[in-house]
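Q: predicted model follows, preceded by the sequence.
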There are 2 protein chains.
Amino acid sequence: MNNIQIGILGYGNLGRGVELAISQQPDMELTAIFTRRNPAEIQPSLSGVPIYNVKDVLNFKNSIDVMILCGGSSTDLDSQSPAFASHFNIVDSFDTHPEIPRHFKSVNTSALLTNHTAIVSAGWDPGLFSINRLLAESILPLGHSYTFWGKGVSQGHSDALRRIEGVANAIQYTIPLESAMEAVRRGDGPAFTPRQMHTRECYVALLPDADPDTVRDQIVHMPSYFADYDTTVHFVSQEELQENHYAMPHGGFIQRSGTTGSDQENCHIYEFSLKLDSNPQFTANVLACYARSAYRLAAEGSYGAKTVLEIPPAYLSSRSIEQLRAEIL
Amino acid sequence: MNNIQIGILGYGNLGRGVELAISQQPDMELTAIFTRRNPAEIQPSLSGVPIYNVKDVLNFKNSIDVMILCGGSSTDLDSQSPAFASHFNIVDSFDTHPEIPRHFKSVNTSALLTNHTAIVSAGWDPGLFSINRLLAESILPLGHSYTFWGKGVSQGHSDALRRIEGVANAIQYTIPLESAMEAVRRGDGPAFTPRQMHTRECYVALLPDADPDTVRDQIVHMPSYFADYDTTVHFVSQEELQENHYAMPHGGFIQRSGTTGSDQENCHIYEFSLKLDSNPQFTANVLACYARSAYRLAAEGSYGAKTVLEIPPAYLSSRSIEQLRAEIL
Ligand SMILES: NC(=O)c1ccc[n+]([C@@H]2O[C@H](COP(=O)([O-])OP(=O)(O)OC[C@H]3O[C@@H](n4cnc5c(N)ncnc54)[C@H](OP(=O)(O)O)[C@@H]3O)[C@@H](O)[C@H]2O)c1
Ligand SMILES: NC(=O)c1ccc[n+]([C@@H]2O[C@H](COP(=O)([O-])OP(=O)(O)OC[C@H]3O[C@@H](n4cnc5c(N)ncnc54)[C@H](OP(=O)(O)O)[C@@H]3O)[C@@H](O)[C@H]2O)c1
């Protein structure tokens, strides 16, 4: 069998992660990277991978099986995902939760018109966390669910900061509140507002003429991203950002406690957790597996947009279903 | 929409758990329970549920959407699952891992001949643990995986003990070794034999004439179940068994640590864990969700045997896919 041919669109943190991720997968090959910038000015991490400007991408319609979209959720994927789903099978990691149904619909329309398969909002949250939220809530209908993130850098939120006028560079940490985690693990089943579970901490380097107060104001009131949290903004130099905030750890856990028994006397705790040294690299490894499933779904003629909730786990593995039944089940 | 009509075959721990599980699900209804014993001698937990002898089951071919098989893996499911898949959509929790491919094949043949859907080996292990093993190994190809169980009662192993001649009743505890868990959480990536991860402890009440040495010998040498572990057998009275070993807690976790980065410098820890006050009740709740997915797959004309690895997560939920994308993803 031929290897699955992968393209990468957008060469930021996630794009570099996907480049490395593909090299770990036994049945995949990286065909090319595409960027909106001048390819001559970009150095790929692995030698021998060609980089093109995105204007050349349609020349690869027949040689790329799945394009992995690595643009930012806040401004790129909105337009890139539907546009590329008209020409390629795609995977994206669109992570603005409230916008997912709208994004799904626009990608679905493009993909169905042209017989492509498009997996949207893959990664770990949305992604693996979503799968576990669904399983836990279905299996334990009577109970309480919680999702905690961090401490870690949220790429989506950092990306949103960087798109603000006057911001040169920025990093955002999501921090779970100790008191909230303790209450959940005691099985208290408490009710929280977003503000009672996490705080958000931003490290921002400004452009020379930017006004800190205007930028801070734009950040703390940004809907979906920051308005519902206690958000702290620290202005730092570009150098400090590079030196002290370069690593991108992340993680978190989803937990559900539920009861069974004729008097609901038995309690069950379901927990899924991730501790990630590099959020973009782990997310990239997840996207590589969903690229495999996009390839298989397309080969079966199962077109249109899909989410991680609609994909059988076996489609993520390089092993055959017979092997999986014998070795994994 | 009509509720999904459920039948239960076999009224032991798991069967009683399924009876309660169905009452938690908004779109399901329990039609009847079937037993090989005299129904007059069995008292259902919930009032109003009819109990029939299994010889009457074919009268219910048109009124039961999915039959949940609650027999023991070591002797019942082997024959019950293929036989019932000829007449009903079924779910079973067959958990003798090495025998799964053979079991799958025989159920598949029955189900395909008669256009039924049969989900085999659902539960938590095999089941939720299998899904997580698959996801973790696919996403982190370079790493080490571990599954720990307990401390808890293994129904499959207790069942196997009770089928031995001379045994009146018995309970088996699986116990993870502290030293092994510590090594894994340090990220050492150690290699273990089964014997180095868990011990097995059996509490056995004998029939009056039984010979303890013969029984002990049969236990510790039983292939698949006990031969590969350090197994301790305690002979106790029926009364002590009832009093001190009635609860059926269980749990465990699967963990994978894997690396990414150009020098494999970043480590990621994936962990899924369950803490269950009642193994049969939690397993029953899982089976109820897979009954829903069997119903949907059958309605789509997707017949034959399936495992949890082949089923999209969304099929387990009572919510529509549009709701799930908006609320869970
Ligand atoms: N679902 C999940 O669990 C999950 C987890 C993590 C991240 N994500 C998603 O991944 C998205 C991308 O994250 P990221 O960290 O890769 O964002 P990023 O580094 O800001 O990259 C986003 C885009 O910006 C452009 N870019 C990158 N570096 C640039 C530079 N030096 N100058 C100018 N343009 C540059 C790239 O496009 P060009 O190459 O075309 O210029 C790139 O595709 C996030 O927005 C988030 O939505 C999802
Ligand atoms: N995949 C997983 O994660 C998972 C987890 C837990 C359990 N399991 C599976 O579930 C299976 C069933 O477990 P279980 O605890 O329900 O076993 P059990 O209580 O021993 O019941 C097994 C069968 O024995 C019969 N039985 C029950 N009580 C009886 C009694 N007092 N006298 C005579 N017969 C009786 C019942 O059939 P009749 O009503 O027809 O007599 C019942 O279906 C296990 O073998 C295991 O394979 C799987």
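A: Received the coordinates, thanks. Ligands and ions are numbered 1, 2, ... in the order given.

Q: can you list the strands that the helix or strand where residue A:251 lies pairs with?
A: Taking DSSP states H and E as the definition, residue A:251 sits inside strand A:250-260. Applying DSSP bridges, strand A:250-260 is found paired with strand A:143-149 (antiparallel), strand A:266-276 (antiparallel).

Q: now do the strands in chain A.
A: Across chain A, reading from the start of the chain, the strands by DSSP state E fall at A:4-9, A:28-35, A:51-53, A:66-69, A:89-91, A:117-119, A:143-149, A:152-153, A:167-176, A:198-206, A:230-235, A:250-260, A:266-276, A:304-306.

Q: present those strands as CSV; the columns should include mean neighbour count, distance to residue B:33 and mean pLDDT.
A: In this view, the C-beta of every residue, glycine as well, is placed from N, C-alpha and C. Formatted as CSV, the entries for the strands of chain A read as follows, by neighbours: other CB atoms under 10 Å in any protein chain shown; distance: least, CB to CB, whole Å; pLDDT from 0 to 100:
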stretch, mean neighbour count, distance to residue B:33, mean pLDDT
strand A:4-9, 25, 48, 98
strand A:28-35, 21, 49, 98
strand A:51-53, 15, 65, 98
strand A:66-69, 30, 48, 98
strand A:89-91, 29, 46, 98
strand A:117-119, 28, 42, 98
strand A:143-149, 20, 26, 92
strand A:152-153, 22, 49, 91
strand A:167-176, 21, 45, 95
strand A:198-206, 21, 46, 97
strand A:230-235, 17, 53, 97
strand A:250-260, 22, 18, 94
strand A:266-276, 22, 21, 94
strand A:304-306, 24, 38, 98
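
Q: nearest to residue B:25, of those strands?
A: Evaluated over these, closeness to residue B:25 peaks at strand A:250-260, with 11.8 Å, by CB to CB.

Q: the closest one near ligand 1 at all?
A: No: interface with ligand 1: strand A:250-260 contributes nothing (CB under 6 Å from any ligand atom), its closest point being 7.8 Å away.

Q: so does that strand get close to ligand 2?
A: No: among the residues of strand A:250-260, none lie within reach of ligand 2 under CB under 6 Å from any ligand atom; the closest is 13.4 Å away.

Q: output that strand as PDB, nothing but the C-alphas.
A: Taking only C-alpha atoms (Å, rounded to 0.1, in the frame of the first residue of the first chain), the coordinates of strand A:250-260 have been written out as PDB:
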ATOM      1  CA  HIS A 250      -0.300  22.300  28.700                       C
ATOM      2  CA  GLY A 251      -2.600  19.700  30.000                       C
ATOM      3  CA  GLY A 252      -5.700  19.300  32.100                       C
ATOM      4  CA  PHE A 253      -8.300  16.700  32.900                       C
ATOM      5  CA  ILE A 254     -12.000  15.900  32.400                       C
ATOM      6  CA  GLN A 255     -13.800  14.300  35.300                       C
ATOM      7  CA  ARG A 256     -17.300  13.000  35.800                       C
ATOM      8  CA  SER A 257     -18.700  11.500  38.900                       C
ATOM      9  CA  GLY A 258     -22.000   9.700  38.600                       C
ATOM     10  CA  THR A 259     -24.100   7.400  40.700                       C
ATOM     11  CA  THR A 260     -25.900   4.000  40.200                       C
END
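
Q: ok so, going back, the strand holding residue A:251 vs strand A:167-176, what angle?
A: Using axes from the mean of the first three to the mean of the last three CA atoms, to 10 degrees, the interaxial angle of strand A:250-260 with respect to strand A:167-176 works out to 30 degrees.

Q: give me the angle between strand A:250-260 and strand A:198-206.
A: For the pair strand A:250-260 and strand A:198-206, the angle between their directions (the same axes, to 10 degrees) equals 160 degrees.
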